[in-house]
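>>> what's the 3D shape of this:
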Amino acid sequence: MTVFEDTMIDKKRAYEELLIAQTRLGDRNAAEALVAHRGPRLLVHATRLLGNRDEALDAVQEAWIEIFRGLKSLQTDAAFPVWALRIVSRKCARLIRTKQRDRALPLEYEPQVHDPPPGQSRDLARAIAALPRQQAAAIALFYLEDLSLAEVSIALDIPIGTVKSRLSLARKTLKSTLEGDSHV
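Numbers count the residues shown, from 1 in each chain. Next up, the predicted model:
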């Protein structure tokens with residue numbers, strides 16, 4: 001990572017922490033800006049977990065309610081991204097549990113692939129989308145969101161050993177898929 005990229009990341013974090021502080025003080029404009037700033041990444045995370053953008057929108061909307069209610073209890077503003085991801089993960093898990101009996105995965109399930117983030121190839125985005133949802137979420141948080149193992153563990157509400165296992169399986173599958181051998 002270059003010094004320029006580090007500086008940009010620091011500025012984005014500082015901006016987000018300012019929005020959090022202002023939102024905590026009741027500033028509605030800051031709350032809207034916080035949703036605009038962090039919301040798209042929460043939606044991508046929820047979509048990876050649920051595999052359905054409409055359900056992901058519902059889960060994220062419910063998560064924002066919980067996020068705003070619990071914001072005053074958040075002790076460190078720097079922990080906000082992981083804390084918010086954990087809330088979204090839990091909302092998604094609840095949604096999956098409540099609908100699990102009624103759900104039947106279509107026989108020809110085609111993962112949703114939206115425009116990949118800058119610097120990520122469409123092939124890689126497709127390969128990640130084709131992973132089992134839990135593996136896709138772990139890979140995306142670890143590599144695309146640049147979270148540590150501990151942060152991924154917190155965000156997904158799973159033990160670190162499970163994160164490592166999911167990352168390992170996902171790496172093997174991605175390597176095989178991207179090299180053209182889909183017989184994993």
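
>>> so what are the domain limits for this structure?
Domain ranges of the chain: 1-103, 111-179, per automatic domain parsing.

>>> any weak-confidence spans in the protein?
1-6, 8-9, 100-120, 181-184 (pLDDT under 70).

>>> From the centroid of it, which residue is nearest?
Closest to where the C-alpha atoms of the chain average out (CA atoms, centre = their mean) is H45, at 2.8 Å.

>>> Cross-check the contact I'm expecting between it and A136.
No: using CB atoms under 8 Å, H45 makes no contact with A136, being 9.8 Å away. C-betas here are computed from N, CA, C, even on glycine.

>>> separation between R53 and V44?
Note on R53: its distance to V44, by CB to CB, to the nearest Å, is 10 Å.

>>> correction: W83
Applying CB to CB to W83 and V44 gives a distance of 17 Å.

>>> go on, L85?
11 Å.

>>> element containing the nearest residue in space to L131 that is not next to it in sequence?
Excluding its sequence neighbours, the residue lying closest to L131 (CB to CB, 6 or more residues apart in numbering) is A170, at 5.4 Å. Remark: A170 resides in helix 160-178, with elements defined by DSSP states H and E.

>>> how about that helix: buried residues?
Buried residues in helix 160-178, defined by neighbour count with 16 or more other CB atoms under 10 Å: V163, R166, L167, L169, A170, T173, L174, T177.

>>> pretty sure the first one contacts V152?
Yes: counting by CB under 8 Å, V163 sits close enough to V152 to count as a contact (4.9 Å).
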